[in-house]
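after the sequence you'll find the predicted model.
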Amino acid sequence: MVAAARRTVADGLVVGTSGNVSVRVGDTVLVTPTGVPYDRLTPDDVTGVDLDGRQVLGTLLPTSELPMHLALYRTAGAGAVVHTHAVHATAVSTLVSELPPIHYMAAALGGTVRVAPYAAYGTEELAENMLRALADRSGCLLRNHGTMTYGATLDQAYDRTAQLEWMCRLWLTASSVPGLTPSLLSPEQMAQARQRLRGYGQTGPGRGEG
């Protein structure tokens with residue numbers, strides 16, 4: 001988990017102490033602490049809480065975004081959660097109510113990526129807004145804030161965050177060309193991509209590219 005947190009900085013997804021990472025181990029949620037720069041984070045700094053948010057491990061306070069993390073563990077069966085303030089994704093969150101379907105890999109997150117309405121960080125309101133945006137999805141944008149993704153594993157949650165940031169960068173780049181408008185995928189094309197991505201990977205036919 002510490003390595004993943006440090007990677008968010010190395011990959012330019014967070015600056016300083018922004019963003020947070022968590023992993024569920026049984027009934028305990030291991031989470032990054034609040035206010036500790038990731039380049040100084042060590043395993044001893046990790047905190048643990050139960051599913052009600054009571055601290056059961058560590059001496060540092062857990063991330064202020066704990067309500068969002070716990071909401072996903074309670075309702076979505078998440079194994080790991082990654083929250084970032086990635087630049088391109090955050091920029092997109094200020095412009096649209098959902099990321100336009102610029103690329104078929106949006107289907108890997110369940111479909112067109114929604115933007116959760118703004119609410120103050122660390123609040124139950126923000127957690128509720130996030131859950132609505134994540135209905136049938138594994139990633140969303142938080143308006144004027146950043147990204148939220150989850151997965152069965154930390155690697156999966158992180159990869160989804162990186163993919164979401166890349167799609168946001170792609171849309172912003174294509175939209176910036178004067179006099180031209182990006183082509184977008186139709187609902188039928190997205191549905192086809194979602195069907196094909198169900199077989200993506202090393203386990204059988206119908207694998208996607210890459």
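Looks like it arrived, so ask away.

and residue 153, what does it touch?
The contact partners of residue 153, by Cβ atoms under 8 Å, 6 or more residues apart in numbering, come to 79-80. From N, CA and C alone the C-beta is placed, and that goes for glycine too.

from residue 114, how far off is it?
In this view, residue 153 and residue 114 are 23 Å apart by Cβ to Cβ, to the nearest Å.

now do residue 77
To residue 114, residue 77 is 19 Å away according to Cβ to Cβ.

return the per-residue confidence for the residue of the chain positioned farthest from its centre.
Going by Cα atoms, centre = their mean, the residue of the chain most distant from its centre is residue 179, 32.2 Å out. For residue 179, the pLDDT comes out at 97.

what's the answer for the one 4 residues further on, then?
Residue 183 is assigned 97 on the pLDDT scale.

before we move on, what about residue 194?
Reported pLDDT at residue 194 in the predicted model: 91.

wait, a strand at it?
No: using DSSP: H, G, I helix; E, B strand; the rest coil, the assignment for residue 194 is helix, not a strand.

which ones are touching the closest residue to it other than its chain neighbours?
Spatial nearest neighbour of residue 194, excluding adjacent residues (Cβ to Cβ, 6 or more residues apart in numbering): residue 107 at 3.9 Å. Counting by Cβ under 8 Å, 6+ apart, residue 107 makes contact with 190, 193-194, 197.

residue 77 and residue 114: which is more packed in?
More crowded of residue 77 and residue 114, by other Cβ atoms under 10 Å: residue 114, with 22 against 10.

ramachandran angles for the more buried one?
phi -90, psi 160 (degrees, to the nearest 10).

show me what contacts it?
Shown in contact with residue 114 (Cβ under 8 Å, 6+ apart): 97-98, 133-134, 137, 140-141.

what's the closest of those to residue 126?
residue 133 (10.6 Å; Cβ to Cβ).

what residue lies at the spatial centre of this structure?
residue 149 (2.3 Å).

is that one in a helix, a strand, or coil?
Secondary structure, three-state DSSP: residue 149 is strand.

for it, give me its contacts.
81-82, 109, 138-140, 157-158, 160-161, 164.

which ones among the residues you listed lie within strands?
Those of the contacts of residue 149 mapping onto strands are 81-82, 139-140, per DSSP state E.

where does this structure have low pLDDT?
Applying pLDDT under 70 to the chain flags residues 199-210.

helices of that one, residue ranges please.
Ranges of helices in the chain, per DSSP state H, are 2-10, 66-75, 87-93, 124-133, 154-175, 187-197.

between the fourth one and helix 66-75, how many degrees?
Using axes from the mean of the first three to the mean of the last three Cα atoms, to 10 degrees, one finds that helix 124-133 and helix 66-75 are set 40 degrees apart in direction.

helix 124-133 packs against which elements?
Contacts defined by 3 or more Cβ pairs under 8 Å, 6 or more residues apart in numbering; DSSP states H and E place helix 124-133 against helix 66-75, strand 115-116, strand 139-142.

those: which one's closest to residue 49?
Of all the helices and strands packed on helix 124-133, it is helix 66-75 that lies closest to residue 49, at 6.8 Å by Cβ to Cβ.

just the angle between that closest one and helix 154-175, please?
Going by the same axes, to 10 degrees, helix 66-75 makes 120 degrees with helix 154-175.

and for helix 66-75, what are the contacting residues?
By Cβ under 8 Å, 6+ apart, helix 66-75 touches 20, 22, 24, 29, 31, 49, 51-53, 63, 78, 81, 83, 122-124, 126-128, 130-131, 134, 148, 150.
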